[in-house]
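Colleague: okay, here's the prediction I keep looking at, along with the sequence it came from:
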Amino acid sequence: MTIRSDRAGTESAGVGTADGAVGRTGVPRAREGYGGAPADLSAEQLLHGYATGELSPVEAAESVLERIEQDNPALNAFCLVRPEEALEAARASAERWRRGAPEGLLDGVPASIKDIHLTKGWPTLKGSLNTPQDCPWEEDSPVTARLREQGAVLVGKTTTPELAWKGVTDSPLYGITRNPWDLSTTPGGSSGGAAAAVAAGMAPLATGTDGGGSIRIPASFTGVCGIKPTWGLVPHYPASPFGSLAHTGPMTRTVGDLALMLEVVSGFDPRDWMAMPTPAPGLGDVRLHHDPEALVRGMRIAYSPTLGGQEVDPEVARVVADAATVLEALGAHVEEADPGLPECRRDFEVLWNSGAAKATEHLDDRQRELLDPGLREVIEDGLAFSAQDYLTAMATRMDMGKRMGLFHTTYDLLLTPAMPMTAFEAGQESPPRLAGQRWTSWAGFSYPFNMTQQPAASVPCGFSEGGLPIGLQVVGPRHSDARVLAACRAFELARPWADRRP
C-alpha cells in the first residue's frame, strides 16, 4: 500500500528539500568553508578541519565554551562545566594534529557527559539532593572512558531529572532545563540537558541514557539525532536499577556523527556482565555513504502512524507521514502496517517503578522528603508490586519480543512518530490534556521498544507551524543498528536539517 500525505503542508512547516542543499560530500553547503562558528559544526566537519589545518581543536573548544557561557543561563543544559580542563585537552589534541598523529576517531571533538555516567574527577550527582558530593569520583563509566580513549574533549556534564526517572528534565538539585527552540517548553528527558546542549551548539556529541525513551523523547523535542542501541551493545556501568530497560547511547546533530559516536562507544567492557563482545558492525559504511538511494533501496519498511491506536497531534501525523514518503521515493518498499503489540504501559511501570524503589531503598525518611514529589509517588507504587507482578511484566516483554521478531521477518524496519506531540510547557511532567498523569501516559511510542530491547532512533523530520521540531522514529530488529542508521542517513541526505538552528 502506497503511503500518501500532504507534502505541501510539511514543506511549508520548514522541512528542507534535497534540491541543491547538499554538497558533494553530503555536508550542507552553508557550512562548507567553515564560515560559521566552530560550535555550529558537526564532529565530522571539525575532524575534517583539523586534518586540513583549517581549524584547531582549541578554536572548537573556545567556541563551544563561549556558547555555553552565553546560552546555558537560559537553558540550564549543563550542571557542571570545566573550561580549564577542556582547553588543556584541546591544546594537547592540537599538538597531536600538528604532528600528524591524532589519538583516535574523535581527537579534539567537544563532548558532554550526562550526569548519570561516571566521570573521573567530576561529581556525578544524578540531579539528586541525596547524592553525596564528597566522593573521590575515581572511575569513568564505559561510555566516558571510550570518549577519552578516542581523544574527545570533555567539556562538562548535562542535566537530568532525579535518577533519570521521567521523560522531562527538571530536578530538585538543578531546577528546570529548557528547550532552545522555545524557552517556555521542555526539551524532554531524561537526557534533556544533553539534547538541549547539542541543539544549541554547546558540543556536537553528547552521551544519553534511554530506559523508556530518554534519548528519543528529547531528540524529537529539540530537533537532534539520538539512538537507543540494541541492549548490551553499549556497555552500561554501574548497572542501572532499571535493569535491562536501560540503554546508553549517543546524541548528536547529524546521523553521520551518530554512527561515528556509536562506533566509538560500543563494544565489550568487563564491568558490564551482559555487554556484547564486539562493537556494532557496519557503522563506518553508513557514515561514509552519500547516496541516499543506495542506503535504502529495496528495504521493506512498515509505517505505523499510531502504533496500535495512540492519539497523535494532526500536525505531527502529517509531517511523519510525509517522511515515510521520502524513504519510499528513495526506493524502499513502504506500506502501512502495525506490529500488533499488546497494551504494555502498566507492565512497563511495574518494571520501571520497581527499579525506582530499588534505587532509593537506602534512603531514610528525611532523605525521602528531599526527593522529587513525583518520584516519591512512583517509588510508593513500585513498593506495592509482588514478585509475581514482576514476572508477569517480564512475560509480557517476552511476548512482545517474539511478536516483533516475527514482524521483522517481513519488514526490515518500522517507522512511527517519535512523539505524538511537540514539546510542551517546561516544568510539567505531562502536557495540558494529560495533566496529573505520569509521563508514561504520552510516551507510548518509545517505551515498548525498551521492553523489546530493539534499536530505535529519532531523527528530525520537520517542524510544526509554531517552529517546534518533530521527530521520526526508526525501529529495527535486535542487532540491526547499522540498518536503522542507514535509513536515518538516507533521510538526512534527502531532507537535510542541520543548518536550521534554534
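Modeller: Noted; the coordinates are in hand.

Colleague: by residue count, tell me the biggest helix in the chain.
Modeller: Longest helix in the chain, counting residues (DSSP state H): helix 387-410.

Colleague: helices and strands around the helix or strand just after that helix, which ones?
Modeller: Note on helix 387-410: by DSSP states H and E, the next helix or strand toward the C-terminus is strand 413-417. Judged by 3 or more CB pairs under 8 Å, 6 or more residues apart in numbering; DSSP states H and E, the packing partners of strand 413-417 are strand 300-303, helix 314-329, strand 469-475, helix 481-494. For glycine as for every other residue, the C-beta is placed from the backbone atoms N, C-alpha and C.

Colleague: what comes up buried for the host helix or strand of residue 226?
Modeller: Using DSSP H and E, residue 226 sits in strand 225-228. Buried residues in strand 225-228, counted by 16 or more other CB atoms under 10 Å: 225, 226, 227, 228.

Colleague: farthest pair in those?
Modeller: Across these, no pair lies farther apart than 225 and 228, at 11.8 Å, counting by CB to CB.

Colleague: overlap in contacts, these two.
Modeller: Common contacts of residue 225 and residue 228, defined by CB atoms under 8 Å, 6 or more residues apart in numbering, comprise residue 457.

Colleague: of all the helices and strands packed on strand 413-417, which lies closest to residue 273?
Modeller: Residue 273 sits nearest to helix 481-494 of all the helices and strands packed on strand 413-417, at 21.0 Å, using CB to CB.

Colleague: and the closest one with strand 413-417, angle?
Modeller: 60 degrees (axes from the mean of the first three to the mean of the last three CA atoms, to 10 degrees).

Colleague: show me what helix 481-494 is packed against.
Modeller: Against helix 481-494 (3+ CB pairs under 8 Å, 6+ apart) you get strand 225-228, helix 255-265, helix 283-288, helix 292-296, helix 314-329, strand 413-417, strand 456-463, strand 469-475.

Colleague: quick revisit: which of the buried residues of strand 225-228 sits closest to residue 258?
Modeller: Nearest to residue 258 among the buried residues of strand 225-228 is residue 225, at 4.8 Å by CB to CB.

Colleague: run through this protein and note the low-pLDDT ranges.
Modeller: Low-confidence segments of the chain, defined by pLDDT under 70: 1-35.

Colleague: ok so, going back, can I get the helices and strands packed on helix 481-494 in a markdown table including distance to residue 128?
Modeller: Output for the helices and strands packed on helix 481-494, formatted as a markdown table (distance: least, CB to CB, whole Å):
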| stretch | distance to residue 128 |
| --- | --- |
| strand 225-228 | 23 |
| helix 255-265 | 25 |
| helix 283-288 | 34 |
| helix 292-296 | 42 |
| helix 314-329 | 33 |
| strand 413-417 | 32 |
| strand 456-463 | 27 |
| strand 469-475 | 28 |
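
Colleague: ok, residue 70 - how many residues close by?
Modeller: By the criterion of other CB atoms under 10 Å, residue 70 has 14 neighbours.

Colleague: hmm, I was thinking of residue 104
Modeller: Around residue 104 there are 17 residues (other CB under 10 Å).

Colleague: so which helix or strand takes in residue 117?
Modeller: Using DSSP H and E, residue 117 sits in no helix or strand.

Colleague: hmm, it is touching residue 144, no?
Modeller: Yes. Counting by CB atoms under 8 Å, residue 117 touches residue 144, with 5.3 Å between them.

Colleague: pull up the overlap in contacts between these two.
Modeller: The overlap between the contact sets of residue 117 and residue 144 (CB under 8 Å, 6+ apart) consists of residue 207.

Colleague: how about the strands of the stretch 51-200 of the chain, start to end?
Modeller: In the stretch 51-200 of the chain, the segments counted as strands under DSSP state E, counting those that start in this stretch are 78-81, 110-114, 153-158, 170-171, 175-176.

Colleague: and among the ones you listed, the most buried is which?
Modeller: For the strands of the stretch 51-200 of the chain, the largest average neighbour count (mean count of other CB atoms under 10 Å) is found in strand 110-114, namely a mean of 30.

Colleague: check contacts around residue 133.
Modeller: Counting by CB under 8 Å, 6+ apart, residue 133 touches 123, 125.

Colleague: all helices of the stretch 101-250 of the chain, in order?
Modeller: For the stretch 101-250 of the chain, the helices defined by DSSP state H, counting those that start in this stretch occupy 142-149, 192-199, 216-222.

Colleague: let's have these in a markdown table, adding mean neighbour count and distance to residue 56.
Modeller: What follows is these, written out as a markdown table (neighbours: other CB atoms under 10 Å; distance: least, CB to CB, whole Å):
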| stretch | mean neighbour count | distance to residue 56 |
| --- | --- | --- |
| helix 142-149 | 23 | 20 |
| helix 192-199 | 35 | 22 |
| helix 216-222 | 35 | 28 |
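
Colleague: mind checking which of the helices and strands packed on strand 413-417 is nearest residue 254?
Modeller: Per CB to CB, nearest to residue 254 of the helices and strands packed on strand 413-417: helix 481-494, 6.5 Å.

Colleague: with just CA atoms, put the one helix or strand residue 379 maps to into PDB.
Modeller: Secondary structure assignment for residue 379, by DSSP H and E: helix 373-383. C-alpha atoms of helix 373-383 as PDB (Å, rounded to 0.1, in the frame of the first residue of the first chain):
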ATOM      1  CA  PRO A 373       7.500  14.600  44.700                       C
ATOM      2  CA  GLY A 374       6.600  12.600  41.500                       C
ATOM      3  CA  LEU A 375       9.500  10.300  42.100                       C
ATOM      4  CA  ARG A 376       8.200   9.600  45.700                       C
ATOM      5  CA  GLU A 377       4.800   8.600  44.200                       C
ATOM      6  CA  VAL A 378       6.500   6.300  41.700                       C
ATOM      7  CA  ILE A 379       8.500   4.700  44.500                       C
ATOM      8  CA  GLU A 380       5.400   4.100  46.600                       C
ATOM      9  CA  ASP A 381       3.800   2.400  43.600                       C
ATOM     10  CA  GLY A 382       6.900   0.300  43.000                       C
ATOM     11  CA  LEU A 383       7.000  -0.900  46.600                       C
END
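
Colleague: can you give the contact residues for it?
Modeller: With contact meaning CB under 8 Å, 6+ apart, helix 373-383 is reached by 162-163, 165-166, 349, 352-358, 360, 368, 371, 429, 438.

Colleague: ditto for stretch 269-279
Modeller: The contact list for stretch 269-279 (CB under 8 Å, 6+ apart) reads 142, 145, 230, 232-233, 235-237, 239, 244, 263, 266-268.
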